[in-house]
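# Build me a model:
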Amino acid sequence: MRVLHIAYQQLRRYGKTRVSWAQKLTFGLIKNDHFTQVFSDRDVAAFEAPLGIRDLGKKAANKRLLETVAAFEPDLVIAGHCDMISNETLLEIRKLMPACKIVHCNNDPLFVPSNVERIKYRADVCDAVFVSTGRKELNIFEGRKARVYHMPNPVDPSIESFDNSVKRSDELPIDLLFCSNSTNFTKRLEMVGRMKEVLDPHMTFKTYGSFGEDPVWGRDYDRALENTKMGLNFNRQEGFYWYSSARMAQLAGNGILQFTHESPRFDELLPKESAVYFKDEDDLNKKILEFHADDEKRMQWAANARAFFQDEMSSKLNSQYILEASLEIPFSHDYVWARDINLDGSMK
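Residues are numbered from 1 along each chain as shown. You can find the predicted model right below:
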């Protein structure tokens with residue numbers, strides 16, 4: 001297949017990039033032997049704009065995208081987070097390439113109202129939308145043009161390349177890690193602050209991006225992960241079925257034991273003894289101290305999670321699932337996250 005993937009490619013960060021689910025999707029498509037062309041809308045808009053003022057390059061970016069479609073002739077267009085590109089341009093692509101399928105992939109949470117509106121906007125013109133919240137939460141997008149699917153946050157072995165589950169505690173200088181600098185739609189840092197008062201006397205608890213510690217990106221983030229024993233998978237808000245930020249895959253894929261809230265019900269997706277679920281702050285602190293003191297147990301649970309994510313939640317499987325669902329090709333694999341979804345996107 002020939003796939004055109006429209007998504008921010010971080011070209012102007014010149015190597016100091018964030019871990020990107022869009023990049024993993026591209027990697028997965030290529031590893032599955034699909035000829036994949038990327039179009040980085042924000043970068044093209046900035047490159048084409050007077051004085052590099054990105055918003056002034058929006059019209060030119062849409063024009064360049066149509067030029068790319070005409071030249072590349074894709075079978076499938078995947079429009080990720082690409083706010084520079086209008087629905088009118090996607091409709092123009094449909095006129096140019098009537099047999100080409102156009103889908104939208106969205107990795108942001110539903111507790112952000114503007115994101116819900118963004119998905120609805122794309123669902124009016126696309127053939128399918130894929131959202132990183134569990135399928136049972138996605139009924140609000142039904143009744144529009146697009147079929148509706150859940151997609152997970154995948155791991156890619158070229159990115160999640162560490163295996164801390166085989167390292168003893170004395171090889172991992174960071175006992176507990178939480179990276180974040182976002183305060184929108186969340187009060188989680190208040191909880192982290194209280195936890196530091198309880199846990200700092202017992203362990204090295206790093207909180208890059210908050211409490212006076214600078215955020216880490218690119219290789220600095222890689223090094224933080226490489227040196228970490230356990231991590232906190234805190235979403236800005238909890239309780240959305242199977243929704244997690246991308247850090248869940250980043251922690252699990254690198255063999256870092258993670259603690260995650262019980263309300264998203266990942267116990268219905270992940271194998272037993274792979275992630276540590278907690279119900280409240282006291283419960284969480286007790287479990288952190290328990291696993292901190294039991295290295296064999298920490299290593300075994302982290303190994304279980306890493307094996308599951310590397311084997312069943314990989315970028316290869318995720319990208320092939322998106323392609324098959326987009327084109328309504330019968331699923332070639334028993335995708336663990338899609339066992340409640342029919343090929344047409346409806347729930348079983």
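# Walking through this protein, point out its strands one by one.
In the chain, the strands defined using DSSP state E lie at 2-6, 35-39, 76-79, 101-106, 128-131, 147-150, 174-177, 205-206, 228-233, 257-261, 276-278.
# could those go into CSV alongside distance to residue 64, mean neighbour count and mean pLDDT?
Quick note: C-beta positions are derived from backbone N, CA and C, even for glycine. Output for the strands of the chain, formatted as CSV (distance: least, CB to CB, whole Å; neighbours: other CB atoms under 10 Å; pLDDT from 0 to 100):
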stretch, distance to residue 64, mean neighbour count, mean pLDDT
strand 2-6, 11, 24, 98
strand 35-39, 8, 19, 97
strand 76-79, 14, 26, 98
strand 101-106, 17, 24, 98
strand 128-131, 24, 25, 98
strand 147-150, 29, 24, 98
strand 174-177, 40, 22, 98
strand 205-206, 42, 20, 96
strand 228-233, 38, 25, 97
strand 257-261, 40, 24, 98
strand 276-278, 46, 19, 98
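# For those, please prepare TSV with the additional fields distance to residue 67.
Output for the strands of the chain, formatted as TSV (distance: least, CB to CB, whole Å):
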stretch	distance to residue 67
strand 2-6	12
strand 35-39	10
strand 76-79	14
strand 101-106	17
strand 128-131	25
strand 147-150	29
strand 174-177	44
strand 205-206	46
strand 228-233	41
strand 257-261	44
strand 276-278	49
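# dump the residue contacts of residue 243.
Contacts for residue 243 (CB atoms under 8 Å, 6 or more residues apart in numbering) come out as 109-110, 132-134, 137, 235, 264.
# cool, and residue 166?
Residue 166 touches 255, 299, 303, counting by CB under 8 Å, 6+ apart.
# about what we covered before: I'd like to know which of the contacts of residue 243 are buried.
109-110, 132-134, 137, 235, 264 (16 or more other CB atoms under 10 Å).
# other SSEs contacting the longest helix along the chain?
In terms of residue count, the longest helix belonging to the chain (DSSP state H) is helix 295-312. Contact partners of helix 295-312 among helices and strands, from 3 or more CB pairs under 8 Å, 6 or more residues apart in numbering; DSSP states H and E: helix 247-253, strand 257-261, helix 281-293.
# Now do the same contact list for the closest residue to residue 179 other than its chain neighbours.
Sequence neighbours aside, residue 208 is the residue nearest to residue 179 in space, at 4.6 Å (criterion: CB to CB, 6 or more residues apart in numbering). If a contact means CB under 8 Å, 6+ apart, then residue 208 has 177-179, 214-216, 221, 224 as its contacts.
# Repeat that for residue 152.
Applying CB under 8 Å, 6+ apart to residue 152 gives the contacts 132, 242, 249, 313, 318, 337.
# so how far is residue 244 from it?
To residue 244, residue 152 is 9 Å away according to CB to CB, to the nearest Å.
# Next, count neighbours for the closest residue in space to residue 339 that isn't next to it in sequence.
The shortest distance from residue 339 to any non-neighbouring residue, by CB to CB, 6+ apart, is to residue 348 (7.7 Å). Residue 348 is flanked by 8 other residues according to other CB atoms under 10 Å.
# Let me see the contact set for residue 348.
Contacts of residue 348 by CB under 8 Å, 6+ apart are 339-342.
# Separate out the buried members of those.
Applying 16+ other CB under 10 Å to the contacts of residue 348 flags residue 341 as buried.
# For ChimeraX, write the select line for the buried members of the contacts of residue 208.
In ChimeraX, a selection of the buried entries from the contacts of residue 208 looks like this (16+ other CB under 10 Å):
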select :177,178,179,216,221,224
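# List the ones among the contacts of residue 348 that fall in helices.
Using DSSP H, none of the contacts of residue 348 sit in helices.
# Nearest to residue 275 among the contacts of residue 348?
residue 339 (18.6 Å; CB to CB).
# how much space is there between that closest one and residue 13?
Noted for residue 339: a distance of 37 Å to residue 13, by CB to CB.
# just the helices in the stretch 1-150 of the chain please.
Here the stretch 1-150 of the chain has its helices, by DSSP state H, counting those that start in this stretch, at 21-31, 41-48, 58-72, 87-96, 113-123.
# and residue 229, which of the ones you listed is closest to it?
With CB to CB as the measure, helix 21-31 is the member of those nearest residue 229 (24.3 Å).
# Okay, buried residues for the closest one please.
21-29, 31.
# before we move on, what about stretch 158-165?
Neighbour counts over stretch 158-165 (16+ other CB under 10 Å) mark 159-160, 162-165 as buried.
# got it, and stretch 136-143?
By 16+ other CB under 10 Å, the buried positions in stretch 136-143 come out as 137-138, 141.
# Fine by me, thanks again.
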